[in-house]
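*Asks:* Sequence first, predicted model second:
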Amino acid sequence: MDDNKRPLFIHYAGPVLLESPLLNKGSAFTDEERSSFNLHGLLPRAVETIEEQVIRAAEQYRSFTTDMDRHVYLRNIQDTNETLFYRLVEDHISEMMPIIYTPTVGAACEQFSNIYRRSRGLFISYEDRDRVDEVLYNAVGHNVKVIVITDGERILGLGDQGIGGMGIPIGKLALYTACGGISPAYTLPIVLDVGTDNPQRLNDPVYMGTRHARITGDEYNEFVDTVMQAIKRRWPQALVQFEDFAQRNAMPLLQRYKDNMCCFNDDIQGTAAVTVGSLLAACKAQGSELKEQTIAFLGAGSAGCGIAEAIIAEMVSQGLTDKKARSQVFMVDRWGLLLKGMPNLLNFQENLVQPQQLIEQWQTGSDNISLLEVVQNAKPSVLIGVSGTPGLFTQQVIESMAAHHDKPVVFPLSNPTSRVEATPEDILRWSNGRALVATGSPFSPVTIDDTEFVIAQCNNSYIFPGVGLGVLAAGADRVTDNMLMAASRALAECSPLAQKGEGALLPSLEEIQEVSKQIAFAVGKTAMADGVAMRVKLDHLREAIDNSFWQPEYRQYKRSAF
Ligand SMILES: NC(=O)C1=CN([C@@H]2O[C@H](COP(=O)(O)OP(=O)(O)OC[C@H]3O[C@@H](n4cnc5c(N)ncnc54)[C@H](O)[C@@H]3O)[C@@H](O)[C@H]2O)C=CC1
Ligand SMILES: CC(=O)C(=O)O
Ligand SMILES: [Mg+2]
């Protein structure tokens, strides 16, 4: 039977039941339930439907004048009645996603301690390192299936926010539910409190994290390991998503855990999957293939190098040699184009360098080759921004892209909105409406010469809910590279532009649940083929996805015997 339809046996009653966000129905408790659970008199007399509650909540939501107030209001509903929260958000997904996720979640992280109301998730501080098991046993949920964990050091493009980073796991997990149908009862946000190096947070009298510099080196690694091993003991089946770790930790943590736990890094792998999916769709719409593209990146960090490696893998699957594919990918970071032999290259950048000989024939001003020089000489057809630094896609850069390509693809993916490398409006204006633009944070449509351009949101939020749903439905115990590649291809299949030759590059948020189901099926099927999922047979995978898809509907409650 569909999980959502079964009655629920519960042992809470009275005010405790009303204070339990996963169970509270507020004014929707029926007369019979009010008798069974000692609720008479604790609520106004009217028994309302969830639809009536949504109308009131939406009216209240719209009475606020700032996005931060709207965020606080929604978070308050989430902390008091989760079913209503998800129904409200799902019914108004395009309007409310920017409030619970990027861009507003960025400001909510910066002001986390100022807007703090109620506890949610786990704060595991370095000072608690000898009682991490105990901390995990204090968690509200006993049946945790998806964890998003951060240490708050690279929150979007906003840097170190200390425990304020908790806003990100909370926001990501809200999308696991709203977009991917994972029951909120199965989700757990975790922030590791290892201190902060952000003086604004340290000097803020209301900051709620520990006030010391970040723990680093062996102490940091041992602490993370203590937490990961404790998670494995407490919830051995849980999927763990690493989120917004700083560059120096993101890749090493992924390498350390990916082969012995069910985990992935969203910034490296989720972002790679959504970007490859978007590029596959863009290529299909243009009648070309990914292997024909030359691609320039601004930002050779976790996201940039993750996307680059996934693009190369996809080009190889289309028939290129690894060497040829790498010759078509140009990574630009702070010191310019990554070149072989450059000092201070990071491990994961070393395979993404261009040979020194290549640029000997280029027209360049100095040894540090700028993005503009790369665009002028390599003539990339695709430009991707993951630098976290605004304004770096200058008019000259975009005009140069447009001079060499009829339909250049330009993805300024940095979040939040304040960090975008160039606005879609500028990119479209500078390219006379010819560029195909997608951004990390949401942007309104742009009109150029009476033509309206819808701006797709190329954000890993199109990927991780479906990946989580697929992992859970198939019972996968690892997240393989093939599973993420399958997610990319499934997303590309859902592109209106690729399928119909018109419309947006990515499906609208109103379709996100269907998209997540398609991705989940592709991910689950690939998990089976890779031998990391044994629990369900392929014939039953779609059914498992549909049946486990949580709906924000009130279930009937029956009093449990104890
Ligand atoms: N749209 C999406 O789904 C996603 C977007 N992002 C965004 O991408 C950005 C970067 O994220 P990560 O790669 O994880 O961070 P990171 O810190 O690992 O990498 C950023 C890189 O950009 C480089 N950079 C900074 N300023 C630069 C400049 N002026 N010129 C050239 N390079 C410069 C840095 O040196 C660094 O290597 C963030 O703003 C983040 O919000 C990240 C993940 C997903
Ligand atoms: C979207 C996301 O994961 C980021 O900007 O970090
Ligand atoms: Mg992130």
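*Replies:* Received it, and whenever you're ready, just let me know what you need. Keep in mind the model is a prediction, meaning the values are calculated, not measured. Ligands and ions are numbered 1, 2, ... in the order given.
*Asks:* for ligand 1, what are the nearby residues on the stretch 201-350 of the chain?
*Replies:* When proximity is defined by CB under 6 Å from any ligand atom, the stretch 201-350 of the chain lies next to ligand 1 at 247, 267, 271, 274, 298-304, 332-334. The C-beta positions use only the backbone N, C-alpha and C, and glycine is treated the same way.
*Asks:* can you do 8 Å?
*Replies:* The stretch 201-350 of the chain has residues 244, 246-247, 250, 266-268, 270-271, 274-275, 298-306, 332-334 near ligand 1, with proximity defined as CB under 8 Å from any ligand atom.
*Asks:* Tell me the buried residues within these.
*Replies:* With burial judged by 16 or more other CB atoms under 10 Å, the buried subset of these is 244, 246-247, 250, 266-268, 270-271, 274-275, 298-306, 332-333.
*Asks:* Just confirm residue 308 contacts residue 329, I think it does.
*Replies:* Yes. Taking CB atoms under 8 Å as the definition, residue 308 is a contact partner of residue 329 at 5.2 Å.
*Asks:* give me every residue that touches the closest residue to residue 98 other than its chain neighbours.
*Replies:* Of all residues not flanking residue 98 in the chain, residue 442 sits nearest, at 5.0 Å (CB to CB, 6 or more residues apart in numbering). For residue 442, the contact set (CB atoms under 8 Å, 6 or more residues apart in numbering) comprises 97, 98, 102, 103, 417, 455, 457.
*Asks:* Equivalent analysis for residue 397, please.
*Replies:* 371, 372, 375, 383.
*Asks:* returning to what we had before: name the helix or strand for the residue nearest to residue 98, please.
*Replies:* Using DSSP states H and E, residue 442 sits within no helix or strand.
*Asks:* got it, and the one 5 residues further on?
*Replies:* Using DSSP H and E, residue 447 maps to strand 446-448.
*Asks:* What is that strand packed up against?
*Replies:* Counting contacts by 3 or more CB pairs under 8 Å, 6 or more residues apart in numbering; DSSP states H and E, strand 446-448 packs against helix 424-430, strand 451-453.
*Asks:* residues of it that come out buried?
*Replies:* By neighbour count with 16+ other CB under 10 Å, strand 446-448 contains the buried residues residue 446.
*Asks:* can you map out the helices along the stretch 401-550 of the chain?
*Replies:* 424-430, 464-474, 481-493, 496-500, 512-529, 541-548 (DSSP state H, counting those that start in this stretch).
*Asks:* Just the C-alpha atoms of the longest one, please, in CSV.
*Replies:* C-alpha atoms of helix 512-529 as CSV (Å, rounded to 0.1, in the frame of the first residue of the first chain):
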residue,chain,number,x,y,z
ILE,A,512,10.4,19.3,-10.9
GLN,A,513,8.7,16.3,-9.2
GLU,A,514,8.2,14.5,-12.5
VAL,A,515,11.8,15.3,-13.5
SER,A,516,13.0,14.0,-10.1
LYS,A,517,11.1,10.7,-10.8
GLN,A,518,12.7,10.4,-14.2
ILE,A,519,16.2,11.0,-12.7
ALA,A,520,15.4,8.6,-9.9
PHE,A,521,14.6,5.8,-12.3
ALA,A,522,17.8,6.4,-14.3
VAL,A,523,19.9,6.5,-11.1
GLY,A,524,18.3,3.4,-9.6
LYS,A,525,18.6,1.5,-12.8
THR,A,526,22.3,2.4,-13.1
ALA,A,527,22.9,1.5,-9.4
MET,A,528,21.6,-2.0,-10.2
ALA,A,529,23.8,-2.2,-13.3
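*Asks:* mind checking how far that helix is from the chain centre?
*Replies:* Relative to its chain's centre, helix 512-529 lies at 17 Å (CA atoms, centre = their mean, to the nearest Å).
*Asks:* One more: the last one?
*Replies:* Offset of helix 541-548 from its chain centre (CA atoms, centre = their mean): 23 Å.
*Asks:* List the buried residues for that helix?
*Replies:* Residues 541, 544, 545, 548 are the ones in helix 541-548 that count as buried (16+ other CB under 10 Å).
*Asks:* Kindly report the same for the first one.
*Replies:* By neighbour count, and taking 16+ other CB under 10 Å as the criterion, the buried residues in helix 424-430 are 424, 425, 426, 427, 428, 430.
*Asks:* what's the answer for stretch 67-87, then?
*Replies:* 68, 70-75, 77-87.
*Asks:* Show the average pLDDT along it.
*Replies:* Stretch 67-87 shows a mean pLDDT of 98.
*Asks:* Return the distance of the residue nearest to residue 12 when sequence neighbours are not counted relative to residue 6.
*Replies:* Among residues not flanking residue 12 along the chain, residue 20 sits closest, at 5.8 Å (CB to CB, 6+ apart). For residue 20, the distance to residue 6 (CB to CB, to the nearest Å) stands at 18 Å.
*Asks:* related to what we said a few turns ago, okay, the residue nearest to residue 98: pLDDT?
*Replies:* The model's pLDDT for residue 442 equals 98.
*Asks:* next one: the one 5 residues further on
*Replies:* On pLDDT, residue 447 comes in at 97.
*Asks:* Isn't it up against residue 454?
*Replies:* No. Contact criterion CB under 8 Å: residue 447 and residue 454 do not qualify, at 10.7 Å.
*Asks:* What separation do you get for residue 334 and residue 387?
*Replies:* From residue 334 over to residue 387 the distance is 9 Å, taken as CB to CB.
*Asks:* between the helices and strands packed on strand 446-448, which one is nearest to ligand 3?
*Replies:* helix 424-430 (20.8 Å; CB to the ion).
*Asks:* now that closest one, how far from the centre of its chain.
*Replies:* 26 Å.
*Asks:* quick one: it near ligand 1?
*Replies:* No. Using CB under 8 Å from any ligand atom, helix 424-430 stays clear of ligand 1, coming no nearer than 13.6 Å.
*Asks:* which residues are in contact with that helix?
*Replies:* Helix 424-430 has contacts (CB under 8 Å, 6+ apart) with 393, 395, 398-399, 402, 410, 412, 435, 437, 439, 443, 446, 448, 453, 455.
*Asks:* Return the member of those residues nearest to ligand 3.
*Replies:* Out of those, the member with the shortest distance to ligand 3 (by CB to the ion) is residue 439, at 14.8 Å.
*Asks:* so what's the nearest residue to residue 91 once chain neighbours are set aside up against?
*Replies:* Nearest non-adjacent residue to residue 91, counting by CB to CB, 6+ apart: residue 54, 5.9 Å away. Residue 54 is in contact with 84, 87, 88, 91, counting by CB under 8 Å, 6+ apart.
*Asks:* want to throw these into a markdown table with secondary structure and distance to ligand 1?
*Replies:* Converted to a markdown table, those look like this (DSSP: H, G, I helix; E, B strand; the rest coil; distance: CB to the nearest ligand atom, whole Å):
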| residue | secondary structure | distance to ligand 1 |
| --- | --- | --- |
| 84 | helix | 28 |
| 87 | helix | 26 |
| 88 | helix | 24 |
| 91 | helix | 24 |
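*Asks:* What distance do you get for whichever residue of the stretch 151-300 of the chain sits closest to ligand 2 to ligand 1?
*Replies:* Of all residues in the stretch 151-300 of the chain, residue 156 sits closest to ligand 2, at 4.5 Å by CB to the nearest ligand atom. Using CB to the nearest ligand atom, to the nearest Å, residue 156 is found at 4 Å from ligand 1.
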